[in-house]
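Visitor: kindly return the folded structure for what I paste below:
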Amino acid sequence: MKKLKKYKQQVTTLKKKEPVLYKPSTQKTNIAIFIILAFTFIAYIPSLKAGFVNWDDPDYVSNNPIIKNISNLEMLFTRPIQGNYHPLTVLSLAINYSISGLNAWSYHLFNLIFHLANCYLVFKLAMTLSRNNLIIAVATSLLFGIHPMHVESVAWVSERKDVLYGLFFLAGLISYTIYIDGGSKRQYGLTIVFLLLSLLSKPAAVIFPVVLLSIDVLRGRKFNFSLISEKIPFFILALAMGLLTFIAQKEKGATEGTELFDLTTRFFMGFYGIMMYFVKLLFPVNLSPFYPFAPINEDLPPAYYFSPIFSVVLMLLVFYSLKRNRLIAFGILFYLINLLLVLQFVPVGSAIIADRYTYLPYIGLFYIIGWLIDRYSKGNLSRANFILVPMAVILGALTYKQCTIWTDSASLWDHAIKTLPSARAYENRALIYKEEKKYDLAIQCYNEALKINVADHEAYMSRGNVYFELNKFELAFADYKKALSIKPDYSTALDNLGALFGLSKRYDSAMIYFNKALAIDPYYLPSYKNRALVNVELNRNEEAIKDFRKFLEYNPGDPDIMNMIGVCYRNLGKYNEAMVIINGAIKIKPE
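Guide: Prediction:
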């Protein structure tokens, strides 16, 4: 009798929290999933026709020697890219390279497939969390699939890490929820495995153990030692990845923005992100690939000062709902916890917000929206469709349009300059003009960038490269020196200065700059190549061979470098060695 009474109390409690307790028919569920996936696929069709863009894609794909040699697993699992360690992401890109080389179609197809898989997982997660509420699951999954703020994560090849880490992250949340609902040790073990795979796809997964607490809140679990101790394996994995990422990003210089802003400014910057991501969820218009920091020497815009109040209101809503409706507390906490690492309380990078950072956080808010739609429709799916269908059409159209701006670099940065002009947008547009040999237009763009941000070391360095190609070496030298005065450990500018000295046959000075560049960044391949060429000029053939060999470690099969090694062996009188490697170069590049 006691067990029966306890069971009745549990059922009564669940009825208050969730209006739907029955399990929808398999047919109805499958139809709902099919419609969501079909609608999402249609919204993202333009991304399948897109190419690469000149923003991070060169580092991850075209200029990334790791993905071009999939057999070199040691390099794949040991070398970070852009200060991040994500070997599974790099492995997936290597598979793409083996399929289509530098043709972008397979990369975009994989991104979309992963996103569609994530839509399915979001549906399953929402069904599990809501105890089979079909309306909540449909709304959450549909919004996740077609919200325009998610376009950046799917249509940008470099954001493979988002859709891939999201896949394992969501799978882990599902297995954890099943574990706490039924106590299955197998599901607990699966959760650990999924977390590890997510961490190896993107370091942002370190927040996973904290996100689990939001599910604990939804289920009304007591906060005690047992609840914390079960999270210990997750925190250990997260801490290990966090340390790896911190070291890699510090070496890359990704945390250098901190000293540019005082404590008060950073306080408002962090809360501004919480508010603006919420605003963009409701009004996903005028989206930009880049949202720059507010100007350093000007007062912050009024919205920054209002943002802490907005955040306080959100937290009050969490505390209020803990006793009345834990679903709302869960949704807001899920949103806030997943945003923690990208809020600019400690400035990282050079953007105040980014569309891609909403990929997982929005699920919490979508879940609340699904609950509101379910309340309005009183559990009637046909009635809920009066909201879901118009919402799907409007957001789907916006997503379709947003995908088109990622067609190529020119369309991306023309849109950014039109929507929200920034130094980064002008710089990346200038790179395209430079490739097209429209040097005057490129210089104009760099000048515009420097008007917006006079301390932009990358703009000075890149403008110097244009002057270099125009043989205006004095102007190039001045820009490289200016870039170094702003960022003394800027390996690219150091290498370029070394190249300038090499051209003027001031080889000792050239060697100093190449050595400095490689001391800062041991993976900066152009410096190995340039230093080797100077060593050839100085008749230091043994040293030149070492640097050329180092270059080939990361870029194997480069026929020009192989030929230069052959030249060095010939200079040393080692004709057999010269013949072997030169013949190898000829096989690769007969002409």
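Visitor: residue boundaries of the helices in the stretch 151-300 of the chain?
Guide: 151-155, 160-182, 185-199, 208-218, 225-229, 232-252, 263-282 (DSSP state H, counting those that start in this stretch).
Visitor: what separation do you get for the residue at minimal distance from the centre of the chain and Ile432?
Guide: Central residue of the chain (CA atoms, centre = their mean): Glu159, 4.6 Å from the mean position. From Glu159 over to Ile432 the distance is 20 Å, taken as CB to CB, to the nearest Å. C-beta: built from backbone N, CA, C; applies to glycine.
Visitor: and Met391, by the same measure?
Guide: For Met391 relative to Ile432 (CB to CB), the value is 36 Å.
Visitor: do Tyr507 as well
Guide: Tyr507 is 34 Å from Ile432, by CB to CB.
Visitor: ok, Glu469 next?
Guide: Where Ile432 is concerned, Glu469 sits at a distance of 14 Å (CB to CB).
Visitor: over to Ser509?
Guide: If you go by CB to CB, the gap between Ser509 and Ile432 works out to 33 Å.
Visitor: look at these two and report which has more neighbours.
Guide: Ile432 (20 against 15; other CB atoms under 10 Å).
Visitor: which residue is the nearest non-sequential neighbour of the residue nearest to the centre of the chain?
Guide: Computed as CB to CB, 6 or more residues apart in numbering, the closest residue to Glu159 that is not its neighbour in sequence is Ser153, at 4.8 Å.
Visitor: which parts of the chain are strands?
Guide: 291-292, 351-353 (DSSP state E).
Visitor: need those strands in JSON lines with distance to Ser62 and mean pLDDT, can you?
Guide: JSON lines is the format used below for the strands of the chain (distance: least, CB to CB, whole Å; pLDDT from 0 to 100):
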{"stretch": "strand 291-292", "distance to Ser62": "26", "mean pLDDT": "92"}
{"stretch": "strand 351-353", "distance to Ser62": "23", "mean pLDDT": "92"}
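Visitor: for these, which one sits closest to Asp262?
Guide: Smallest distance to Asp262 across the strands of the chain (CB to CB): 15.7 Å, for strand 351-353.
Visitor: pull up the pairing partners for that closest one, direction included.
Guide: strand 291-292 (antiparallel) (DSSP bridges).
Visitor: just name the most buried of the helices of the stretch 151-300 of the chain.
Guide: helix 151-155 (a mean of 26; mean count of other CB atoms under 10 Å).
Visitor: who touches Thr40 in this structure?
Guide: Neighbour list for Thr40: 115-116, 119, 142, 145-146 [criterion: CB atoms under 8 Å, 6 or more residues apart in numbering].
Visitor: and which of the residues you listed is nearest Tyr188?
Guide: Cys119 (25.7 Å).
Visitor: how deep is the residue nearest to that closest one when sequence neighbours are not counted tucked in, by neighbour count?
Guide: Closest residue to Cys119 apart from its sequence neighbours, by CB to CB, 6+ apart: Gly145 at 4.2 Å. Residue neighbour count, defined by other CB under 10 Å, stands at 29 for Gly145.
Visitor: check contacts around Gly145.
Guide: 36-37, 39-40, 43, 115-116, 119, 122.
Visitor: now with 6 Å?
Guide: By CB atoms under 6 Å, 6 or more residues apart in numbering, the residues touching Gly145 are 36, 40, 119.
Visitor: reformat the residues you listed as CSV; add distance to Lys587 and pLDDT.
Guide: Shown next, in CSV, are the contacts of Gly145 (distance: CB to CB, whole Å; pLDDT from 0 to 100):
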residue, distance to Lys587, pLDDT
Ile36, 51, 97
Thr40, 46, 97
Cys119, 47, 98
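Visitor: for these, which one is nearest Gly364?
Guide: For those, the nearest to Gly364 is Cys119 (16.2 Å; CB to CB).
Visitor: and the closest one, how many neighbours?
Guide: 25.
Visitor: give me the distance between it and Leu227.
Guide: 30 Å.
Visitor: and if you look at Asn496?
Guide: 55 Å.
Visitor: check Asn530 too.
Guide: Taking CB to CB, one finds Asn530 at 57 Å from Leu227.
Visitor: check Leu552 too.
Guide: 53 Å.
Visitor: any idea how far Val154 lies from Arg356?
Guide: Distance from Val154 to Arg356, by CB to CB: 9 Å.
Visitor: do the same with Leu431
Guide: Noted for Leu431: a distance of 21 Å to Arg356, by CB to CB.
Visitor: what do you get for Leu441?
Guide: For Leu441, the distance to Arg356 - CB to CB - is 29 Å.
Visitor: who has more neighbours out of the two?
Guide: Neighbour tally, Leu441 and Arg356, criterion other CB under 10 Å: the higher count belongs to Arg356, 20 against 15.
Visitor: ok, that one - contacts?
Guide: 152-153, 159, 162.
Visitor: switch to 10 Å and redo it
Guide: 149-154, 156, 158-159, 161-163, 289, 342 (CB atoms under 10 Å, 6 or more residues apart in numbering).
Visitor: and if you look at Ile136?
Guide: Counted by CB under 10 Å, 6+ apart, Ile136 has contacts 18-20, 123, 126-127, 129-130, 327, 366-375, 384.
Visitor: now those: which count as buried?
Guide: In these, burial by neighbour count holds for 18-20, 123, 126-127, 129-130, 327, 366-371, 373-374, 384, counting by 16 or more other CB atoms under 10 Å.
Visitor: re the thing from before, let me know the pLDDT of the residue nearest to the centre of the chain.
Guide: For Glu159, the model assigns a pLDDT of 96.
Visitor: does it touch Phe110 like I think?
Guide: No: when contacts are counted by CB atoms under 10 Å, Glu159 is not listed as touching Phe110 (11.6 Å).
Visitor: for the protein, which spans come out with low pLDDT?
Guide: The chain contains residues with pLDDT under 70 at 1-22, 248-260.
Visitor: go with 80
Guide: 1-24, 69-76, 78, 80, 82-83, 245-261, 296-298, 347-349, 554-557, 591 (pLDDT under 80).
Visitor: so Ser92 sits against Ile67, correct?
Guide: Yes: using CB under 10 Å, Ser92 is in contact with Ile67, at 9.2 Å.
Visitor: for Ala294, which non-adjacent residue is closest in space?
Guide: Nearest to Ala294 is Leu300, by CB to CB, 6+ apart, at 5.4 Å.
Visitor: of all the helices of the stretch 151-300 of the chain, which one is nearest Val534?
Guide: helix 232-252 (25.6 Å).
Visitor: elements contacting that closest one?
Guide: Judged by 3 or more CB pairs under 10 Å, 6 or more residues apart in numbering; DSSP states H and E, helix 232-252 is in contact with helix 185-199, helix 208-218.
Visitor: could those go into a markdown table alongside distance to Ile31?
Guide: Listed next are these as a markdown table, based on distance: least, CB to CB, whole Å:
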| stretch | distance to Ile31 |
| --- | --- |
| helix 185-199 | 28 |
| helix 208-218 | 27 |
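Visitor: look up how far Met127 lies from the nearest residue to Glu448 once chain neighbours are set aside.
Guide: Spatial nearest neighbour of Glu448, chain neighbours left out: Tyr426 (4.6 Å); criterion: CB to CB, 6+ apart. Tyr426 sits 46 Å away from Met127, going by CB to CB.
Visitor: pretty sure Ala50 is touching Asp408, no?
Guide: Yes: with contact defined as CB under 10 Å, Ala50 reaches Asp408; the gap is 7.1 Å.
Visitor: close enough to count as contact, the residue nearest to Glu159 and Leu167?
Guide: No: between Ser153 and Leu167 there is no contact under CB under 10 Å: 11.8 Å.
Visitor: joint contacts of the two?
Guide: Contacts common to Ser153 and Leu167, judged by CB under 10 Å, 6+ apart, are 114-115, 118.
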